[in-house]
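>>> 3D model of this:
(chains A and B)
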Amino acid sequence: MNAGAATNAGGAFAGAGHQQAGEPGGAGGDAGQAGPPLLELVDVSKHYRGSGLWSGAGAPVLAVSGVSLTVPAGTSVGIVGESGCGKSTLGRLVVGLEKPTAGDVRLRGAPVAAMGRRDRRAARYEIQMMFQDPYAALNPRMSLDRIIEEPLRARGGISRADRRARVRRLAEEVGIAPGQLNRYPRELSGGQRQRVGLARALATSPALIVADEPVSALDVSVRSQILNLMTDLQAEHHIGYLMVSHDLTVIHYFTDQVIVMYLGKFVESGPPEELFRAPAHHYTRALIDAAPDPVPGRAAAATIRGELPSAAAPPSGCRFRTRCPAAQPVCAEEEPGMRTFGPGHQAACHFPLKEAVSA
Amino acid sequence: MNAPATGRREETPVVAPVLQVTGLDVDIRLPSAVVHAVQDVSLEVWAGETVGIVGESGCGKSTLGLALAGLLPPEAETRGSIRQGGRELVGLRERELRAIRGAEVGIVFQDPMTSLNPTKRIGPQVAEALRLQRGASKAAALRAAADMLDRVGLPRPREQLDRFPHELSGGMRQRVVIASALICEPKVLVADEPTTALDVTTQAQILELFDGLSAELGMATLLVTHDMGVVAGHANRVFVMYAGREAETGTTETIFSAPRHQYTGALLGSILRMETPRKSRLGTIPGRPPDLTVPAAGCPFAPRCAAASGDCTSQLPTASAEDGHRWSCYHPLGIQQTEHIPEAQR
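Residues are numbered from 1 along each chain as shown, chains lettered A, B, ... in the order given. The predicted structure follows:
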């Protein structure tokens, strides 16, 4: 399948047409069809002003630094990296909770920032968000039916009776019994709350759901229920997912294209099988080695140590060099460019773990 | 690792487990009901070994951890016995427990902010237990604190001594909590989801440190976690809890390769692995753990169990054992079902 592509600079185009969300569509994606991809980030940066506590001089913190990616309709793109790498900021930029300092977020080819008020409002309902802790995202004073109904009411143009009917359908779809709809978030388990969060995200028939650690807080048994549900919803409604997670197994299982992020930049991207089996970047390798594997006696290895350096003063050259086992003097002097290692597989490293293919 | 395997006990100089729990019940009294959070739990932990306590949320594993750490709330009523280093913990007063905590038993919880005093600098906080429990001088305790911060992988430990918790990242704070728990080199460490909030890179470092201290100091670790990957890599034995009770216990090898209890099987079947085929249908456990205010007549897992039959709902299964592997299930996995005659029908 032709999934997303990602780079740090310039646009990347993995063409895929769009199919109206909410309509039944094949899960196979619509790669090959002409037209702009569902979501595109073109050279997007987000800088925060230094707060003073961490960066006394008030140097700007480069949370996201010139990244580009595409999410074709109906596919899933995953972003992995340690906390502080900018992956959550990226998710917030996509749903419009943050505005990029530079670059474009495009929905079906149209830059969101250049849209008129009406279009931007419509775009907002097409991109929804799922949070790690749905409890924090659900209004504790609202009953479940009102929580799910709220985005519909906010958007307007639908009668109360139709809204009610839709809420019941959504609840049924995510596995919430109709009798539970008058309950409140505090009465629910973590898994049920995540189902409500999903129903709410689905209310406006979005084409894209940004899922920030959607299953990290859940028990393993519930985790698989939610992932099964997200997969079903994708097949049924042709939803695209941008999944942000530090859990490599979830990303491997769920996504079609994986992007590895370090200190605001993409260091590697590729199809999950290849990226996790034979990564090119030392950072990706270290993440894989550190991930716990449920095989007795096989302890994860801490191949990299220390903390992520401050995003206000990133290391010169390759940002990973201060923790990299293979760093050489050149890594401090020159920032490595993206090179191709296979179909859809790119990495930025001076001393990659495998040979680049001459493009 | 110098963990004495159950079968090799006579070869080691250790004569008694560092922690011995027998028939432990913990009831939490709420205004409207009583939660039977831990029921009839028996467990031994030997010096140098790590026991993983696993189960879904609400299975009682955290309450068990609190009981072992002597940190149960006043609403809790405890019966049975917890012996630690020849001393009975059940029935001790808060004052006596306080002397044990920190010195003999180190404690680490998931959220570092609940364990750290936000108004106190890192150095004195980490050094506190050493000052209180061992009467160390201020300067010596601070030196030891810096050493321990270095061992848990905190960068520039000496500079961190004067900082406040809010000046550190989450991962750094958790390392401070871990340093505080380990500073007196406790005999037992109770760690409840110690690395759940951390990045995998930091998690791997912290777990390596725990392993190192177990080998070096003979520290026994109770690792309470829902992460089967962490347990597989770091625990010598696994204690699977369900509805406040022991469902199954055995060596990590046995539990992962030949689980007996249907619940353990279902739990292992729902883990996502790198080998799991992408986008395949994942195994799940239907329903949710039972309400612990209502005592179950039969096996508490029966309502969610694919193998449950009539006898499962009528009487609690008794434990079967084989070479230190113990399970309580009427339909054990990997055993011919025809041999089994339920208690109720005998």
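>>> Tell me who's in contact with the residue of the stretch 151-300 of chain A found nearest chain B.
Closest residue of the stretch 151-300 of chain A to chain B, C-beta to the nearest C-beta: residue A:292 (3.0 Å). Every C-beta, even on glycine, is put in place using the N, C-alpha and C of the backbone. By C-beta atoms under 8 Å, 6 or more residues apart in numbering or on different chains, residue A:292 lies in contact with A:299, A:300, B:200, B:203, B:204, B:227, B:229, B:230, B:232, B:233.
>>> try residue A:95
A:124, A:127, A:128, A:129, A:210.
>>> go with 10 Å
A:105, A:123, A:124, A:127, A:128, A:129, A:206, A:208, A:209, A:210, A:212, A:242 (C-beta atoms under 10 Å, 6 or more residues apart in numbering or on different chains).
>>> how near is the residue of the stretch 151-300 of chain A closest to chain B to residue A:146?
According to C-beta to C-beta, to the nearest Å, residue A:292 and residue A:146 sit 40 Å apart.
>>> And residue B:122, by the same measure?
45 Å.
>>> more neighbours, the two?
Neighbour count, other C-beta atoms under 10 Å in any protein chain shown: between residue B:122 and residue A:146, residue B:122 has more, with 27 against 15.
>>> Might you report the residue contacts of the more buried one?
If you count contacts by C-beta under 10 Å, 6+ apart, then residue B:122 has B:116, B:145-146, B:149, B:154, B:157, B:159-165, B:167-168, B:172-173, B:176, B:179-180 around it.
>>> Distance check, it against residue B:113.
Taking C-beta to C-beta, one finds residue B:122 at 13 Å from residue B:113.
>>> Tell me how many other residues crowd residue B:258.
14.
>>> Find the nearest non-adjacent residue to it, please.
In this structure, residue B:258 finds its nearest non-sequential neighbour in residue B:334, 5.8 Å apart by C-beta to C-beta, 6 or more residues apart in numbering or on different chains.
>>> what about the one you found, which SS state?
coil (DSSP: H, G, I helix; E, B strand; the rest coil).
>>> quick one: it from chain A, how far?
Per C-beta to the nearest C-beta, to the nearest Å, residue B:334 is found 17 Å from chain A.
>>> pLDDT wise, what is that residue at?
Looking at residue B:334, its pLDDT reads 90.
>>> Looks to me like residue A:341 is in a strand.
Yes. Under three-state DSSP, residue A:341 sits within a strand.
>>> check contacts around it.
By C-beta under 10 Å, 6+ apart, the neighbours of residue A:341 are A:268, A:270, A:274-275, A:278-281, A:347, A:349, A:352-357, A:359.
>>> Distance of the residue lying farthest from the centre of chain A relative to residue A:152?
The C-alpha centroid of chain A is most remote from residue A:161, which lies 34.3 Å away (C-alpha atoms, centre = their mean). According to C-beta to C-beta, residue A:161 stands 12 Å off from residue A:152.
>>> do residue B:124 as well
54 Å.
>>> Between the two, point out the one with more neighbours.
residue A:152 (22 against 16).
>>> What about chain B: which of the contacts of residue A:95 touch it?
The subset of these within reach of chain B, by C-beta under 10 Å from any C-beta of the partner chain, is empty.
>>> now those: which count as buried?
Buried residues within the contacts of residue A:95, defined by neighbour count using 16 or more other C-beta atoms under 10 Å in any protein chain shown: A:105, A:123, A:124, A:127, A:128, A:129, A:206, A:208, A:209, A:210, A:212, A:242.
>>> Please enumerate the strands of the stretch 1-150 of chain B.
Ranges of strands in the stretch 1-150 of chain B, per DSSP state E, counting those that start in this stretch, are B:19-29, B:34-45, B:50-54, B:76-84, B:87-88, B:105-108.
>>> Measure how buried residue B:74 is and give me the count.
7.
>>> So it is in contact with residue B:93, correct?
No. Here residue B:74 does not reach residue B:93: they are 11.7 Å apart, not a contact under C-beta atoms under 10 Å.
>>> And the pLDDT for the residue in the stretch 201-346 of chain B positioned nearest to chain A?
With C-beta to the nearest C-beta as the measure, residue B:229 is the residue of the stretch 201-346 of chain B nearest to chain A, at 3.0 Å. On pLDDT, residue B:229 comes in at 90.
>>> Can you tell me how far the closest residue to it other than its chain neighbours is from residue A:302?
Leaving out its chain neighbours, the residue that sits closest to residue B:229 by C-beta to C-beta, 6+ apart is residue A:292, at 3.0 Å. Residue A:292 sits 11 Å away from residue A:302, going by C-beta to C-beta.
>>> Report the contact partners of residue A:348.
Taking C-beta under 10 Å, 6+ apart as the test, what residue A:348 contacts is A:7-8, A:262, A:265-269, A:280-281, A:283, A:318-320, A:335-339.
>>> hang on, the earlier thing: out of the contacts of residue A:341, which end up buried?
A:268, A:270, A:274, A:275, A:279, A:280, A:281, A:347, A:349, A:352, A:356.
>>> Next up, phi/psi of the second one, please.
For residue A:270, the backbone dihedrals are phi 180, psi 170 (criterion: degrees, to the nearest 10).
>>> again with residue A:63
Dihedral angles (degrees, to the nearest 10) for residue A:63: phi -70, psi -40.
>>> So it sits against residue A:93, correct?
Yes. Using C-beta under 10 Å, residue A:63 is in contact with residue A:93, at 9.1 Å.
>>> Which residues are in contact with each of the two?
A:45, A:46, A:86, A:101.
>>> So which residues of the stretch 151-300 of chain A form helices?
A:160-174, A:190-202, A:220-237, A:248-254, A:272-277, A:282-290 (DSSP state H, counting those that start in this stretch).
>>> Quick check: longest helix in chain B by residues?
helix B:200-217 (DSSP state H).
>>> Is chain A within reach of it?
Yes. Helix B:200-217 is in contact with chain A by C-beta under 10 Å from any C-beta, via B:200, B:201, B:202, B:203, B:204, B:205, B:206, B:207, B:208, B:209, B:211.
>>> any idea of the angle that helix forms with helix A:282-290?
50 degrees (axes from the mean of the first three to the mean of the last three C-alpha atoms, to 10 degrees).
>>> Give me the helices and strands touching helix B:200-217, please.
Counting by 3 or more C-beta pairs under 10 Å, 6 or more residues apart in numbering or on different chains; DSSP states H and E, the packing neighbours recorded for helix B:200-217 are helix A:282-290, strand B:50-54, strand B:105-108, helix B:138-151, helix B:170-182, strand B:188-192, strand B:220-224, helix B:228-234.
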